[in-house]
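*Asks:* coordinates only, sequence not included:
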Ligand SMILES: [Zn+2]
């Protein structure tokens, strides 16, 4: 396994001390350059960088919401009032997919872009891929920040083979002929490929791929789902995660698979909050909450306490790979979280529990809430897809329902559906249908 870089193994306390200095400088920069944060912090009673103090006091500052940034965009400033750099300083502008309307823009200076690629290279490098190896990628980056993640592969000294999304034939041919050691794709696509190749008699387990790097959606860290991918690919599966507005790939998992290390250490500061109250949650081993990130060295459009909407579980125990600092495992999107009689339910957690019933089930699930919004009255309808050739069996449905109640403390109404009836995705899976 490739040795962890010196920066990645330095004592976390040293890193935090450095980050404290970076944070204070970042705050001074925001007060000087950011109309958005000057106004927002003044409204919170913080009139200067000195008033705000250091990293230890970051939980006292207000959170930043994506919607809030969106509201400050104007035709004259399409980036929003958090833009701190001159247009002439920008070297790259990415767009987000704009799930709620028009896309938002993510501007970067040359330094920002370089930091993004450095953090990304560390995050992907954590998986164990090494210089001289080949990696096949399946992202259609286009206008999206994922393009900068692809730059990380060059930085790592890998031979990058982009094949894009939506052409499984081309992907399988590239694996067959170019013999990459690694593949990077969404967990949904990785699962789809296991089925696709099995149906066509292609031996994915016998292929050259020994590392599958999954990113783009939660799932790669779910034990059952991961086991299924590893068995299907005959490869080690590790995950990586980024947040478009903050950095393309910030976290990456090592071969010990104990949560994703912060590859972007030194560039961002991570916190946890309760998504309902916004209150800070200590970043302790086993704690869970919404991930909140603060830029430490950003120039174009730095963000302070940005709500990522990713719900994560924290790990702080030492990792055998030697990398220090916090690790996270993403449980799901805060937006996908349902509240069944006061209990938080993540569709990805439902999928993980249902996965325990393999090989009787395919592993595909669809949660079908009856009411709009997060609050649901029990029982919550869950469609569970059977394995190929399996027939509907009411005892199995009851066993899944009981296991969901035991593991996740909510009442489900489990409906078994035939193999192939839930949609497969070459990109990201939808686990909720309203
Ligand atoms: Zn590790």
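*Replies:* Perfect, thanks for sending it. What you see is a predicted model; the values in this text were computed from it and never measured.
*Asks:* Contacts only, for the residue of the stretch 101-250 of the chain found nearest the ion.
*Replies:* Of all residues in the stretch 101-250 of the chain, residue 126 sits closest to the ion, at 7.0 Å by C-beta to the ion. (Each C-beta comes from the backbone N, C-alpha and C, glycine too.) Residue 126 is in contact with 4, 8, 238, 240, 252-254, 260-261, 263, 321, 323, counting by C-beta atoms under 8 Å, 6 or more residues apart in numbering.
*Asks:* Residue 163 now?
*Replies:* 136-138, 170-171, 174.
*Asks:* Quick one: mean pLDDT for the longest strand seen in the chain?
*Replies:* Longest strand in the chain by number of residues (criterion: DSSP state E): strand 306-315. The predicted model assigns strand 306-315 a mean pLDDT of 96.
*Asks:* For the ion, tell me whether it is touching it.
*Replies:* No - Strand 306-315 stays clear of the ion (C-beta under 5 Å from the ion), getting no nearer than 9.6 Å.
*Asks:* after that strand comes which helix or strand?
*Replies:* Later in the chain than strand 306-315, the nearest helix or strand by DSSP states H and E is strand 327-333.
*Asks:* which parts of the stretch 151-300 of the chain sit against the ion?
*Replies:* Counting by C-beta under 5 Å from the ion, the stretch 151-300 of the chain sits next to the ion at 254, 256.
*Asks:* Where do the strands of the stretch 151-300 of the chain begin and end?
*Replies:* 159-162, 182-185, 211-214, 236-243, 247-253, 260-262, 268-273, 280-281, 288-295 (DSSP state E, counting those that start in this stretch).
*Asks:* what helices or strands is the fourth one leaning on?
*Replies:* When you say that, I think you mean strand 236-243. helix 110-125, strand 211-214, helix 223-233, strand 247-253, strand 260-262, strand 306-315, strand 327-333 (3 or more C-beta pairs under 8 Å, 6 or more residues apart in numbering; DSSP states H and E).
*Asks:* other SSEs contacting the fourth one?
*Replies:* If you count contacts as 3+ C-beta pairs under 8 Å, 6+ apart, strand 247-253 packs onto helix 110-125, helix 146-155, strand 236-243, strand 260-262.
*Asks:* in this structure, which spans are helices?
*Replies:* Counting by DSSP state H, the chain has helices at residues 6-9, 12-33, 35-43, 49-52, 66-71, 110-125, 146-155, 168-178, 187-199, 223-233, 347-355, 394-408.
*Asks:* Now find how far off-centre the second one is within its chain.
*Replies:* Centroid separation between helix 12-33 and its chain, computed with C-alpha atoms, centre = their mean, to the nearest Å, is 24 Å.
*Asks:* related to what we said a few turns ago, name the stretch among the helices and strands packed on strand 236-243 that sits most buried.
*Replies:* strand 247-253 (a mean of 30; mean count of other C-beta atoms under 10 Å).
*Asks:* Just checking the distance from that one to the centre of its chain.
*Replies:* How far strand 247-253 lies from its chain's middle: 8 Å, per C-alpha atoms, centre = their mean.
*Asks:* residues in contact with that strand?
*Replies:* Looking at strand 247-253 with C-beta under 8 Å, 6+ apart, the contacting residues turn out to be 115-116, 119-120, 122-127, 145-149, 152, 215, 220-221, 238-243, 259-264, 267-268, 293, 327-328.
*Asks:* one step back: tell me the one of the contacts of residue 126 nearest residue 194?
*Replies:* residue 238 (16.6 Å; C-beta to C-beta).
*Asks:* Closest approach to the ion from the stretch 151-300 of the chain, which residue is it?
*Replies:* Closest to the ion within the stretch 151-300 of the chain is residue 254: 3.3 Å, counting by C-beta to the ion.
*Asks:* Could you list the low-confidence segments of the stretch 101-250 of the chain?
*Replies:* 101 (pLDDT under 70).
*Asks:* what do you get if the cut-off is 90, keeping everything else the same?
*Replies:* Within the stretch 101-250 of the chain, the ranges that satisfy pLDDT under 90 run 101-104, 139-150, 164-167, 216-225, 244.
*Asks:* For the closest residue to residue 127 other than its chain neighbours, give the beta-bridge partners.
*Replies:* Distance criterion C-beta to C-beta, 6 or more residues apart in numbering; nearest residue to residue 127, sequence neighbours excluded, is residue 238 at 4.4 Å. Applying DSSP bridges to residue 238 yields these beta-bridge partners: residue 213.
*Asks:* which residues does the residue most central in space within the chain contact?
*Replies:* By C-alpha atoms, centre = their mean, the chain has its centre lying nearest to residue 241, at 3.4 Å. For residue 241, the contact set (C-beta under 8 Å, 6+ apart) comprises 123, 215, 249-252, 260, 310, 328, 330.
*Asks:* same thing but 10 Å
*Replies:* 123, 214-218, 220-221, 249-253, 260, 263, 291, 308, 310, 312, 328-330 (C-beta atoms under 10 Å, 6 or more residues apart in numbering).
*Asks:* got it, and residue 92?
*Replies:* Taking C-beta under 10 Å, 6+ apart as the test, what residue 92 contacts is 106-110, 112-113, 116, 145, 147-148, 300.
*Asks:* so what's it scoring on pLDDT?
*Replies:* For residue 92, pLDDT reads 95.
*Asks:* what separates it from the ion, distance-wise?
*Replies:* 30 Å (C-beta to the ion, to the nearest Å).
*Asks:* gap between that residue and residue 77?
*Replies:* Here residue 92 is placed at a distance of 18 Å from residue 77 (C-beta to C-beta, to the nearest Å).
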